[in-house]
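**Student:** Need the 3D shape of this:
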Amino acid sequence: MPRYRAPRPKGSNYITPEGERALREELRQLWKEERPRVTAAVHEAAKNGDRSENGDYIYGKKRLREIDSRVRFLGKRLDSLQVVDSLPDKRDTVYFGAWVELEDADGNVREYRIVGPDEFDLALGKLSMDSPLARALLGKALDTVFEFQSPAGTVQYTITAIHYDR
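**Tutor:** The predicted model follows:
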């Protein structure tokens with residue numbers, strides 16, 4: 001049985017200024033703070049002799065590989081991202097970076113912000129622009145009623161508010 005996995009489709013290269021700052025801060029924290037600390041711990045653990053049974057050494061080397069991998073990813077990703085910091089001309093239409101308030105047929109209201117795939121967090125209401133709901137929202141105007149096919153079934157939403165500042 002082959003273990004081949006088809007490559008994942010590339011995410012969009014757009015990011016908000018806040019998202020870029022968060023990624024740059026993560027890169028700085030990993031490279032300037034955590035990596036030197038872990039390197040020092042590995043150095044001390046290596047002084048203890050037999051490295052094959054030294055848990056601190058083994059774990060530290062593993063953590064260094066994880067940090068280096070993340071640093072490489074963040075460096076490449078930040079180089080390819082396009083920061084979207086301008087506001088659209090038509091502010092009554094959903095575009096990247098918009099805060100959108102949706103009301104379903106039962107009167108439940110949800111608010112989402114359309115962001116890039118590197119910064120989405122549903123707990124904070126940040127919806128990736130590559131997600132099915134965001135793709136259904138993009139380009140729609142205020143007070144538009146539309147149907148969305150969710151895993152739970154078809155849901156009817158009304159766009160009740162659109163704004164671009166928090």
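
**Student:** What's the local residue count around residue 108?
**Tutor:** For residue 108, the neighbour count with other Cβ atoms under 10 Å is 10. In this view, the C-beta of every residue, glycine as well, is placed from N, C-alpha and C.

**Student:** For residue 101, give the beta-bridge partners.
**Tutor:** For residue 101, the beta-bridge partners are residue 111, residue 161 (DSSP bridges).

**Student:** Which residues are in contact with it?
**Tutor:** If you count contacts by Cβ atoms under 8 Å, 6 or more residues apart in numbering, residue 101 has them with 109, 110, 111, 159, 160, 161, 162.

**Student:** One more: residue 20?
**Tutor:** By Cβ under 8 Å, 6+ apart, the contact set of residue 20 is 78, 81, 83.

**Student:** Take those and keep only those in strands.
**Tutor:** The members of the contacts of residue 20 that map onto strands under DSSP state E are residue 83.

**Student:** Filter the contacts of residue 101 down to the buried ones, ChimeraX style.
**Tutor:** Selecting only the buried entries of the contacts of residue 101 in ChimeraX, with 16 or more other Cβ atoms under 10 Å as the criterion:
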select :159,162
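
**Student:** Tabulate the contacts of residue 101 (TSV), appending pLDDT.
**Tutor:** Below are the contacts of residue 101 laid out as TSV (pLDDT from 0 to 100):
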residue	pLDDT
109	95
110	94
111	96
159	95
160	96
161	95
162	96
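
**Student:** just the contacts of residue 101 now: which is nearest residue 5?
**Tutor:** residue 110 (33.0 Å; Cβ to Cβ).

**Student:** How much space separates the closest residue to the closest one other than its chain neighbours from residue 164?
**Tutor:** Of all residues not flanking residue 110 in the chain, residue 102 sits nearest, at 5.1 Å (Cβ to Cβ, 6 or more residues apart in numbering). Distance check for residue 102 against residue 164: by Cβ to Cβ, to the nearest Å, it reads 16 Å.
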